[in-house]
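[1] Have a look at this prediction, sequence included:
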Amino acid sequence: MTTRVKATVPRPASPYPLLRLRQGRDYTLSQGHPWVFSGAFLDLPRELPAGSVVDVTTHDGHRLARGHLNAANSLAFRALTRDRDELIDEDFYFRRIQRAQRLRALLPADVTAYRLIHAEADGLPGLIVDRYDHWLVAQFHTAGAEAQREMIIAALSGALGYGVVEGIATRDDIRARAREGLVVGVPAVAWGLVPDEIEIRELGVRYLVAPLTGQKTGFFLDQRDKRARIAELAPHGAALLNLFAYTGGFALSALARNPALRTVNVDSSAPALVQARRNYALNGIEVEEPRHRFVVSEVNAWLQRASEEGERFDLLVVDPPAFAKNLNQRDRALRAYEQLNALALRTLAPGGLLLTCSCSGGVNADEFEGAVRQALAREHRAARLISSFGPSLDHPTLPGFSEDRYLKALLLSVD
(Lines give C-alpha, C1' and ligand atoms only; values in the text may rest on other atoms or scores of the structure.)
Protein backbone atom coordinates (compact mmCIF):
# COMPACT_ATOMS: atom_id res chain seq x y z
CA MET A 1 0.00 0.00 0.00
CA THR A 2 1.26 3.41 -0.91
CA THR A 3 0.86 6.13 1.67
CA ARG A 4 0.39 9.61 0.36
CA VAL A 5 2.00 12.39 2.30
CA LYS A 6 0.10 15.66 2.11
CA ALA A 7 2.39 18.42 1.02
CA THR A 8 2.68 21.34 3.41
CA VAL A 9 1.86 24.60 1.68
CA PRO A 10 3.96 27.36 3.17
CA ARG A 11 2.09 30.42 4.36
CA PRO A 12 2.76 33.51 2.29
CA ALA A 13 5.20 35.98 3.72
CA SER A 14 3.70 38.82 5.72
CA PRO A 15 2.92 41.92 3.65
CA TYR A 16 3.87 44.00 6.70
CA PRO A 17 7.21 44.60 8.43
CA LEU A 18 8.08 42.08 11.14
CA LEU A 19 9.26 43.28 14.53
CA ARG A 20 10.60 40.94 17.21
CA LEU A 21 10.16 41.30 20.93
CA ARG A 22 12.90 40.76 23.45
CA GLN A 23 13.04 37.37 25.04
CA GLY A 24 10.49 37.08 27.85
CA ARG A 25 8.60 40.24 26.83
CA ASP A 26 5.77 38.56 24.93
CA TYR A 27 3.58 37.35 27.80
CA THR A 28 1.05 40.18 28.06
CA LEU A 29 0.52 40.41 24.30
CA SER A 30 0.13 36.64 24.02
CA GLN A 31 -2.49 36.78 26.80
CA GLY A 32 -4.65 39.29 24.95
CA HIS A 33 -3.35 42.66 26.17
CA PRO A 34 -3.45 45.05 23.20
CA TRP A 35 -0.37 47.20 23.96
CA VAL A 36 3.40 46.83 23.69
CA PHE A 37 5.78 49.50 24.97
CA SER A 38 8.92 50.49 23.11
CA GLY A 39 11.36 48.87 25.55
CA ALA A 40 9.95 45.41 24.78
CA PHE A 41 11.22 45.44 21.18
CA LEU A 42 14.60 44.17 20.05
CA ASP A 43 14.71 47.01 17.59
CA LEU A 44 12.34 49.77 16.52
CA PRO A 45 12.69 50.97 12.94
CA ARG A 46 12.48 54.73 13.32
CA GLU A 47 12.20 55.14 9.56
CA LEU A 48 8.69 53.65 9.49
CA PRO A 49 6.03 56.38 9.35
CA ALA A 50 4.00 56.74 12.53
CA GLY A 51 0.87 54.63 12.28
CA SER A 52 2.35 51.98 9.99
CA VAL A 53 0.87 48.47 10.16
CA VAL A 54 3.39 45.89 11.40
CA ASP A 55 3.46 42.30 12.62
CA VAL A 56 4.91 41.59 16.06
CA THR A 57 6.59 38.27 16.80
CA THR A 58 8.18 36.52 19.74
CA HIS A 59 11.95 36.49 20.10
CA ASP A 60 12.10 33.28 18.05
CA GLY A 61 9.76 34.48 15.28
CA HIS A 62 6.30 33.21 16.31
CA ARG A 63 3.73 35.76 15.16
CA LEU A 64 1.59 37.28 17.91
CA ALA A 65 -0.39 40.21 16.53
CA ARG A 66 -0.77 42.73 13.73
CA GLY A 67 -1.34 46.37 14.53
CA HIS A 68 -0.25 49.99 14.40
CA LEU A 69 3.26 51.15 15.27
CA ASN A 70 4.38 54.55 16.45
CA ALA A 71 8.07 54.23 17.21
CA ALA A 72 8.21 57.82 18.49
CA ASN A 73 5.82 57.00 21.35
CA SER A 74 6.70 54.97 24.45
CA LEU A 75 3.39 53.12 23.86
CA ALA A 76 4.70 51.91 20.55
CA PHE A 77 2.30 49.18 19.38
CA ARG A 78 -1.48 48.71 19.51
CA ALA A 79 -2.90 45.40 18.32
CA LEU A 80 -5.60 45.24 15.64
CA THR A 81 -5.82 41.50 14.97
CA ARG A 82 -4.21 38.20 15.93
CA ASP A 83 -5.18 36.58 12.64
CA ARG A 84 -2.04 36.48 10.52
CA ASP A 85 -4.14 36.27 7.34
CA GLU A 86 -6.33 39.32 8.06
CA LEU A 87 -5.31 42.33 6.01
CA ILE A 88 -5.84 45.82 7.43
CA ASP A 89 -7.96 47.30 4.66
CA GLU A 90 -11.39 48.87 4.25
CA ASP A 91 -13.06 45.46 4.53
CA PHE A 92 -11.33 44.93 7.88
CA TYR A 93 -12.82 48.16 9.24
CA PHE A 94 -16.20 47.33 7.72
CA ARG A 95 -16.26 43.98 9.56
CA ARG A 96 -15.12 45.51 12.85
CA ILE A 97 -17.80 48.22 12.71
CA GLN A 98 -20.53 45.69 11.95
CA ARG A 99 -19.36 43.52 14.85
CA ALA A 100 -19.51 46.52 17.18
CA GLN A 101 -23.01 47.39 15.96
CA ARG A 102 -24.27 43.88 16.73
CA LEU A 103 -23.35 44.40 20.40
CA ARG A 104 -25.05 47.83 20.52
CA ALA A 105 -28.20 46.31 19.02
CA LEU A 106 -28.79 44.88 22.51
CA LEU A 107 -29.56 48.36 23.84
CA PRO A 108 -33.22 49.30 24.40
CA ALA A 109 -35.10 50.45 21.32
CA ASP A 110 -35.68 53.95 22.72
CA VAL A 111 -31.93 54.63 22.96
CA THR A 112 -30.92 56.50 19.81
CA ALA A 113 -27.45 57.60 20.94
CA TYR A 114 -24.58 55.40 22.04
CA ARG A 115 -20.87 54.73 21.63
CA LEU A 116 -20.50 52.67 18.47
CA ILE A 117 -16.72 52.15 18.57
CA HIS A 118 -14.83 52.08 21.86
CA ALA A 119 -11.22 51.80 20.71
CA GLU A 120 -9.32 48.68 21.87
CA ALA A 121 -12.44 46.94 23.19
CA ASP A 122 -13.89 46.91 19.67
CA GLY A 123 -10.60 45.94 18.06
CA LEU A 124 -9.99 49.46 16.74
CA PRO A 125 -7.40 51.15 18.98
CA GLY A 126 -7.25 54.91 18.76
CA LEU A 127 -10.74 55.22 17.31
CA ILE A 128 -13.82 56.52 19.13
CA VAL A 129 -17.13 56.80 17.29
CA ASP A 130 -20.36 57.98 18.89
CA ARG A 131 -23.70 57.60 17.17
CA TYR A 132 -26.39 60.27 17.49
CA ASP A 133 -29.43 58.93 15.65
CA HIS A 134 -28.45 59.10 11.93
CA TRP A 135 -25.13 60.85 12.48
CA LEU A 136 -21.70 59.73 13.66
CA VAL A 137 -18.97 61.68 15.45
CA ALA A 138 -15.47 60.20 15.21
CA GLN A 139 -12.28 60.90 17.14
CA PHE A 140 -8.88 59.77 15.85
CA HIS A 141 -6.65 59.56 18.92
CA THR A 142 -3.60 57.76 17.53
CA ALA A 143 -1.24 57.89 14.57
CA GLY A 144 -2.51 54.49 13.44
CA ALA A 145 -6.14 55.55 13.32
CA GLU A 146 -5.15 58.84 11.70
CA ALA A 147 -3.09 57.10 9.01
CA GLN A 148 -6.18 55.15 7.89
CA ARG A 149 -8.72 57.93 8.41
CA GLU A 150 -10.12 57.90 4.87
CA MET A 151 -10.46 54.13 4.90
CA ILE A 152 -12.28 54.28 8.25
CA ILE A 153 -14.63 57.07 7.13
CA ALA A 154 -15.52 55.07 4.03
CA ALA A 155 -16.26 51.97 6.11
CA LEU A 156 -18.34 53.95 8.62
CA SER A 157 -20.51 55.44 5.89
CA GLY A 158 -21.80 52.03 4.83
CA ALA A 159 -21.29 49.49 7.59
CA LEU A 160 -24.58 50.23 9.39
CA GLY A 161 -26.67 49.73 6.27
CA TYR A 162 -27.80 51.77 3.28
CA GLY A 163 -29.11 55.20 4.24
CA VAL A 164 -28.69 54.77 8.01
CA VAL A 165 -25.78 57.21 8.31
CA GLU A 166 -26.48 60.66 6.88
CA GLY A 167 -23.27 62.36 7.95
CA ILE A 168 -19.99 61.89 9.81
CA ALA A 169 -18.28 64.59 11.84
CA THR A 170 -14.71 64.44 13.14
CA ARG A 171 -13.54 65.97 16.41
CA ASP A 172 -9.80 66.60 16.14
CA ASP A 173 -9.97 69.09 19.03
CA ILE A 174 -8.66 66.55 21.55
CA ARG A 175 -5.35 66.92 23.37
CA ALA A 176 -4.64 63.18 23.18
CA ARG A 177 -3.65 63.66 19.54
CA ALA A 178 -0.64 65.75 20.55
CA ARG A 179 0.87 62.81 22.46
CA GLU A 180 0.94 60.88 19.18
CA GLY A 181 2.56 63.71 17.25
CA LEU A 182 -0.72 64.65 15.57
CA VAL A 183 -2.13 68.11 14.98
CA VAL A 184 -4.87 69.16 17.39
CA GLY A 185 -7.37 70.61 14.97
CA VAL A 186 -10.98 71.71 14.86
CA PRO A 187 -14.31 69.91 14.41
CA ALA A 188 -15.27 69.26 10.81
CA VAL A 189 -17.73 67.38 8.64
CA ALA A 190 -15.93 64.49 6.93
CA TRP A 191 -18.80 62.92 5.00
CA GLY A 192 -22.39 63.80 4.17
CA LEU A 193 -24.21 66.49 6.13
CA VAL A 194 -24.17 66.97 9.91
CA PRO A 195 -26.60 69.42 11.56
CA ASP A 196 -25.47 71.80 14.28
CA GLU A 197 -27.99 70.19 16.63
CA ILE A 198 -29.44 66.69 16.88
CA GLU A 199 -32.31 65.46 19.03
CA ILE A 200 -31.69 62.10 20.69
CA ARG A 201 -33.76 59.87 22.99
CA GLU A 202 -32.61 57.93 26.02
CA LEU A 203 -35.00 55.84 28.12
CA GLY A 204 -37.93 58.19 27.72
CA VAL A 205 -35.97 61.45 27.84
CA ARG A 206 -35.23 63.77 24.92
CA TYR A 207 -31.96 65.69 24.67
CA LEU A 208 -30.48 68.20 22.26
CA VAL A 209 -26.88 67.47 21.29
CA ALA A 210 -24.37 69.74 19.54
CA PRO A 211 -22.04 67.29 17.74
CA LEU A 212 -19.57 69.90 16.50
CA THR A 213 -19.35 72.16 19.55
CA GLY A 214 -20.44 70.16 22.61
CA GLN A 215 -18.07 68.64 25.16
CA LYS A 216 -16.48 65.33 24.15
CA THR A 217 -18.57 64.42 21.09
CA GLY A 218 -21.66 66.29 22.29
CA PHE A 219 -23.03 64.21 25.19
CA PHE A 220 -21.87 62.05 28.09
CA LEU A 221 -23.03 58.71 26.75
CA ASP A 222 -20.97 56.80 29.32
CA GLN A 223 -23.35 57.80 32.14
CA ARG A 224 -26.52 56.19 30.77
CA ASP A 225 -26.57 53.33 33.30
CA LYS A 226 -26.03 55.72 36.20
CA ARG A 227 -28.74 58.09 34.96
CA ALA A 228 -31.18 55.18 34.84
CA ARG A 229 -30.26 54.08 38.37
CA ILE A 230 -30.74 57.56 39.80
CA ALA A 231 -34.14 57.76 38.09
CA GLU A 232 -35.17 54.50 39.77
CA LEU A 233 -34.15 55.59 43.26
CA ALA A 234 -35.00 59.30 43.44
CA PRO A 235 -37.51 59.68 46.33
CA HIS A 236 -40.86 61.36 45.62
CA GLY A 237 -40.62 65.11 46.11
CA ALA A 238 -36.90 64.93 46.92
CA ALA A 239 -34.35 67.65 46.26
CA LEU A 240 -31.67 66.64 43.76
CA LEU A 241 -28.32 68.43 43.43
CA ASN A 242 -26.65 67.81 40.07
CA LEU A 243 -23.01 68.92 40.19
CA PHE A 244 -21.00 69.39 36.98
CA ALA A 245 -24.47 69.20 35.44
CA TYR A 246 -23.49 69.97 31.82
CA THR A 247 -26.82 69.87 29.93
CA GLY A 248 -28.86 68.43 32.81
CA GLY A 249 -28.77 64.71 32.00
CA PHE A 250 -29.00 63.28 35.52
CA ALA A 251 -31.72 65.69 36.62
CA LEU A 252 -33.82 65.11 33.49
CA SER A 253 -33.55 61.34 33.79
CA ALA A 254 -34.77 61.51 37.38
CA LEU A 255 -37.57 63.95 36.53
CA ALA A 256 -38.87 61.62 33.81
CA ARG A 257 -39.63 59.05 36.51
CA ASN A 258 -40.46 61.49 39.29
CA PRO A 259 -41.85 64.84 38.07
CA ALA A 260 -42.28 66.07 41.67
CA LEU A 261 -38.51 66.38 42.17
CA ARG A 262 -36.87 69.70 42.91
CA THR A 263 -33.56 70.12 41.10
CA VAL A 264 -30.46 72.30 41.25
CA ASN A 265 -27.98 72.08 38.35
CA VAL A 266 -24.53 73.58 38.95
CA ASP A 267 -21.88 73.98 36.25
CA SER A 268 -19.14 76.48 35.42
CA SER A 269 -20.31 76.66 31.80
CA ALA A 270 -23.11 79.14 31.13
CA PRO A 271 -23.75 77.77 27.59
CA ALA A 272 -24.11 74.23 29.01
CA LEU A 273 -26.79 75.40 31.43
CA VAL A 274 -28.60 77.31 28.68
CA GLN A 275 -28.77 73.97 26.85
CA ALA A 276 -29.97 72.30 30.08
CA ARG A 277 -32.87 74.76 30.24
CA ARG A 278 -33.72 73.96 26.63
CA ASN A 279 -33.65 70.24 27.42
CA TYR A 280 -36.04 70.82 30.31
CA ALA A 281 -38.42 72.64 27.96
CA LEU A 282 -38.05 69.91 25.32
CA ASN A 283 -39.36 67.42 27.89
CA GLY A 284 -42.26 69.63 28.92
CA ILE A 285 -40.74 70.70 32.24
CA GLU A 286 -41.38 74.31 33.17
CA VAL A 287 -38.18 76.02 34.18
CA GLU A 288 -39.40 77.87 37.23
CA GLU A 289 -37.44 78.94 40.27
CA PRO A 290 -37.05 78.00 43.04
CA ARG A 291 -38.25 74.52 42.05
CA HIS A 292 -35.60 74.17 39.33
CA ARG A 293 -32.40 76.20 39.53
CA PHE A 294 -29.50 76.55 37.10
CA VAL A 295 -26.39 77.96 38.75
CA VAL A 296 -23.30 79.08 36.83
CA SER A 297 -20.46 78.62 39.31
CA GLU A 298 -17.25 76.81 40.09
CA VAL A 299 -18.56 73.76 41.94
CA ASN A 300 -16.33 73.72 45.02
CA ALA A 301 -17.00 77.40 45.70
CA TRP A 302 -20.76 76.90 45.33
CA LEU A 303 -20.72 73.91 47.68
CA GLN A 304 -18.87 75.93 50.30
CA ARG A 305 -21.50 78.67 50.17
CA ALA A 306 -24.40 76.22 50.10
CA SER A 307 -23.18 74.33 53.16
CA GLU A 308 -22.67 77.57 55.09
CA GLU A 309 -26.20 78.68 54.17
CA GLY A 310 -27.65 75.38 55.36
CA GLU A 311 -28.86 74.02 52.02
CA ARG A 312 -29.54 70.28 52.17
CA PHE A 313 -30.38 67.76 49.45
CA ASP A 314 -31.76 64.23 49.45
CA LEU A 315 -29.83 63.12 46.38
CA LEU A 316 -26.42 64.27 45.14
CA VAL A 317 -24.75 63.55 41.81
CA VAL A 318 -21.03 64.39 41.61
CA ASP A 319 -19.73 63.90 38.07
CA PRO A 320 -16.56 65.96 37.57
CA PRO A 321 -14.24 66.00 34.55
CA ALA A 322 -11.10 63.87 34.70
CA PHE A 323 -8.72 65.00 37.45
CA ALA A 324 -5.92 62.64 36.34
CA LYS A 325 -5.31 61.69 32.73
CA ASN A 326 -2.18 59.73 33.70
CA LEU A 327 -0.36 58.27 36.70
CA ASN A 328 1.76 61.41 37.19
CA GLN A 329 -1.38 63.30 38.21
CA ARG A 330 -2.76 60.60 40.51
CA ASP A 331 -1.86 61.98 43.95
CA ARG A 332 -3.18 65.45 43.16
CA ALA A 333 -6.35 63.92 41.73
CA LEU A 334 -6.99 61.82 44.83
CA ARG A 335 -6.72 64.90 47.02
CA ALA A 336 -9.16 66.70 44.71
CA TYR A 337 -11.66 63.83 44.86
CA GLU A 338 -11.45 63.77 48.64
CA GLN A 339 -11.98 67.52 48.92
CA LEU A 340 -14.85 67.60 46.41
CA ASN A 341 -16.73 64.73 48.05
CA ALA A 342 -16.19 66.15 51.53
CA LEU A 343 -17.75 69.44 50.45
CA ALA A 344 -20.61 67.63 48.74
CA LEU A 345 -21.34 65.59 51.88
CA ARG A 346 -21.89 68.78 53.86
CA THR A 347 -24.98 69.45 51.73
CA LEU A 348 -26.36 65.88 51.86
CA ALA A 349 -29.23 65.29 54.28
CA PRO A 350 -29.01 62.29 56.66
CA GLY A 351 -30.23 59.19 54.84
CA GLY A 352 -29.51 60.79 51.48
CA LEU A 353 -28.02 59.14 48.40
CA LEU A 354 -24.66 60.11 46.90
CA LEU A 355 -23.63 59.10 43.39
CA THR A 356 -19.98 60.05 42.93
CA CYS A 357 -18.11 59.45 39.69
CA SER A 358 -14.59 59.42 38.28
CA CYS A 359 -13.41 59.25 34.68
CA SER A 360 -9.72 59.64 35.58
CA GLY A 361 -7.56 57.09 33.81
CA GLY A 362 -4.74 57.70 36.30
CA VAL A 363 -6.89 56.63 39.28
CA ASN A 364 -8.07 53.04 39.70
CA ALA A 365 -11.30 51.91 41.34
CA ASP A 366 -9.73 51.07 44.71
CA GLU A 367 -7.94 54.41 44.89
CA PHE A 368 -11.10 56.31 44.03
CA GLU A 369 -13.09 54.45 46.68
CA GLY A 370 -10.30 55.25 49.14
CA ALA A 371 -10.62 58.96 48.41
CA VAL A 372 -14.39 58.81 48.98
CA ARG A 373 -13.83 56.89 52.22
CA GLN A 374 -11.43 59.60 53.39
CA ALA A 375 -14.07 62.24 52.62
CA LEU A 376 -16.64 60.36 54.69
CA ALA A 377 -14.18 60.13 57.59
CA ARG A 378 -13.40 63.86 57.38
CA GLU A 379 -17.08 64.72 57.60
CA HIS A 380 -17.81 62.08 60.28
CA ARG A 381 -20.43 60.42 58.06
CA ALA A 382 -21.19 56.71 57.88
CA ALA A 383 -22.28 55.19 54.58
CA ARG A 384 -23.30 51.96 52.92
CA LEU A 385 -22.24 51.16 49.37
CA ILE A 386 -25.36 50.31 47.35
CA SER A 387 -23.86 49.94 43.88
CA SER A 388 -20.60 50.35 42.03
CA PHE A 389 -20.36 50.91 38.31
CA GLY A 390 -17.75 50.09 35.69
CA PRO A 391 -17.92 49.42 31.95
CA SER A 392 -21.30 49.56 30.23
CA LEU A 393 -22.62 47.75 27.16
CA ASP A 394 -21.51 50.44 24.71
CA HIS A 395 -18.31 51.22 26.64
CA PRO A 396 -16.91 47.69 26.96
CA THR A 397 -13.37 46.77 27.91
CA LEU A 398 -11.11 43.76 27.44
CA PRO A 399 -10.41 41.11 30.09
CA GLY A 400 -7.13 41.95 31.78
CA PHE A 401 -6.96 45.43 30.22
CA SER A 402 -7.23 47.44 33.43
CA GLU A 403 -5.71 50.54 31.82
CA ASP A 404 -8.97 51.05 29.97
CA ARG A 405 -11.21 51.06 33.05
CA TYR A 406 -11.33 54.77 33.62
CA LEU A 407 -15.10 54.87 34.19
CA LYS A 408 -15.94 54.41 37.88
CA ALA A 409 -18.88 55.38 40.06
CA LEU A 410 -20.11 54.63 43.58
CA LEU A 411 -23.66 54.94 44.87
CA LEU A 412 -23.87 55.31 48.64
CA SER A 413 -26.56 55.72 51.25
CA VAL A 414 -25.14 58.19 53.76
CA ASP A 415 -26.25 58.48 57.40
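    Sure thing, it's come through.
[2] Strands of the stretch 201-350 of the chain, residue ranges please.
    205-209, 239-243, 262-267, 292-296, 313-318, 348-358 (DSSP state E, counting those that start in this stretch).
[3] Compare those and report which one is nearest to residue 79.
    Checking the strands of the stretch 201-350 of the chain against residue 79 by C-beta to C-beta gives strand 348-358 as the closest, at 27.0 Å. All C-beta spots, glycine's among them, are computed from the backbone N, C-alpha and C.
[4] hmm, back to that, turn the strands of the stretch 201-350 of the chain into CSV, including distance to residue 376 and mean neighbour count.
    Shown next, in CSV, are those (distance: least, C-beta to C-beta, whole Å; neighbours: other C-beta atoms under 10 Å):
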stretch, distance to residue 376, mean neighbour count
strand 205-209, 31, 21
strand 239-243, 17, 25
strand 262-267, 21, 23
strand 292-296, 25, 18
strand 313-318, 13, 24
strand 348-358, 9, 21
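[5] Would you mind putting the ones you listed into CSV with distance to residue 34 and mean pLDDT alongside?
    Shown next, in CSV, are these (distance: least, C-beta to C-beta, whole Å; pLDDT from 0 to 100):
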stretch, distance to residue 34, mean pLDDT
strand 205-209, 30, 97
strand 239-243, 34, 97
strand 262-267, 35, 97
strand 292-296, 41, 96
strand 313-318, 31, 97
strand 348-358, 23, 97
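[6] Kindly reformat those as TSV containing distance to residue 402.
    Formatted as TSV, these follow (distance: least, C-beta to C-beta, whole Å):
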stretch	distance to residue 402
strand 205-209	31
strand 239-243	27
strand 262-267	31
strand 292-296	37
strand 313-318	23
strand 348-358	14
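[7] And those strands: which comes nearest residue 165?
    Residue 165 sits nearest to strand 205-209 of all the strands of the stretch 201-350 of the chain, at 15.8 Å, using C-beta to C-beta.
[8] Against which helices or strands is that closest one packed?
    Where contact means 3 or more C-beta pairs under 8 Å, 6 or more residues apart in numbering; DSSP states H and E, strand 205-209 is packed against strand 198-202, helix 249-257, helix 270-282.
[9] Give me whichever of these is most buried.
    helix 249-257 (a mean of 25; mean count of other C-beta atoms under 10 Å).
[10] now what about that one, what contacts it?
    202-205, 207, 219-220, 223, 226-228, 230-232, 234, 240, 242, 245, 261, 263, 265, 276, 279-280, 283, 285, 292, 315, 317, 319, 355 (C-beta atoms under 8 Å, 6 or more residues apart in numbering).
[11] Quick check, pLDDT for residue 1.
    Looking at residue 1, its pLDDT reads 39.
[12] Tell me where the stretch 101-250 of the chain has helices.
    For the stretch 101-250 of the chain, the helices defined by DSSP state H, counting those that start in this stretch cover 143-147, 149-159, 176-179, 224-233, 249-257.
[13] who's in contact with the residue most central in space within the chain?
    Residue closest to the average C-alpha location in the chain (C-alpha atoms, centre = their mean): residue 222, at 5.7 Å. Contact partners of residue 222, counting by C-beta under 8 Å, 6+ apart, are 115, 359, 392, 395, 407.
[14] Could you do residue 243 as well?
    Taking C-beta under 8 Å, 6+ apart as the test, what residue 243 contacts is 266, 299, 303, 316-320, 344.
[15] Give the bridge partners for it, please.
    residue 266, residue 318 (DSSP bridges).
[16] how much space between it and residue 375?
    14 Å (C-beta to C-beta, to the nearest Å).
[17] who touches both of the two?
    With C-beta under 8 Å, 6+ apart as the test, residue 243 and residue 375 both reach residue 344.
[18] buried residues in stretch 32-48?
    33-36, 40-41, 44 (16 or more other C-beta atoms under 10 Å).
[19] quick one: which of the residues you listed sit in helices?
    Secondary structure from DSSP state H places none of these in helices.
[20] Put together CSV for these, with pLDDT and distance to residue 53 on each row.
    Formatted as CSV, those follow (pLDDT from 0 to 100; distance: C-beta to C-beta, whole Å):
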residue, pLDDT, distance to residue 53
33, 96, 19
34, 97, 14
35, 97, 16
36, 97, 14
40, 96, 18
41, 96, 16
44, 93, 15
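[21] Now distance to residue 175 too, for these, in TSV please.
    Listed next are these as TSV, based on distance: C-beta to C-beta, whole Å:
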residue	distance to residue 175
33	25
34	22
35	20
36	24
40	26
41	27
44	25
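[22] Just the closest of those to residue 95, please.
    Using C-beta to C-beta, these come closest to residue 95 at residue 34, 17.5 Å.
[23] Enumerate every residue touching the closest one.
    Taking C-beta under 8 Å, 6+ apart as the definition, contacts of residue 34 comprise 65, 67, 78-79, 120, 125, 398, 401.
[24] Drop anything exposed from those.
    65, 67, 78-79, 120, 125, 398.
[25] so which of the residues you listed would you say is closest to residue 170?
    Nearest to residue 170 out of the buried ones among the contacts of residue 34 is residue 125 (C-beta to C-beta; 17.2 Å).
[26] The contacts of residue 34 in strands, which ones?
    Filtering these for membership in strands, criterion DSSP state E, returns 65, 67, 78-79.
[27] Out of the residues you listed, which two sit at the greatest distance?
    65 and 78 (9.3 Å).
[28] follow-up on the earlier one: closest one to residue 168 out of the contacts of residue 34, please.
    Closest to residue 168, out of all of these and judged by C-beta to C-beta, is residue 125, at 19.4 Å.
[29] if I look at the closest one, how far off is residue 51?
    11 Å.
[30] okay, and the common contacts of these two?
    In contact with both residue 125 and residue 51: 68, 142, 144-145, using C-beta under 8 Å, 6+ apart.
[31] Which two among the residues you listed are spaced furthest apart?
    Within these, 68 and 145 form the most distant pair, 7.5 Å apart (C-beta to C-beta).
[32] Now do the shared contacts for the two.
    Contact criterion C-beta under 8 Å, 6+ apart; residues shared by residue 68 and residue 145: 51, 125-126.
[33] Same list (those) but as a markdown table, adding pLDDT and distance to residue 13.
    Shown next, in a markdown table, are the shared contacts of residue 68 and residue 145 (pLDDT from 0 to 100; distance: C-beta to C-beta, whole Å):
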| residue | pLDDT | distance to residue 13 |
| --- | --- | --- |
| 51 | 97 | 22 |
| 125 | 98 | 25 |
| 126 | 97 | 27 |
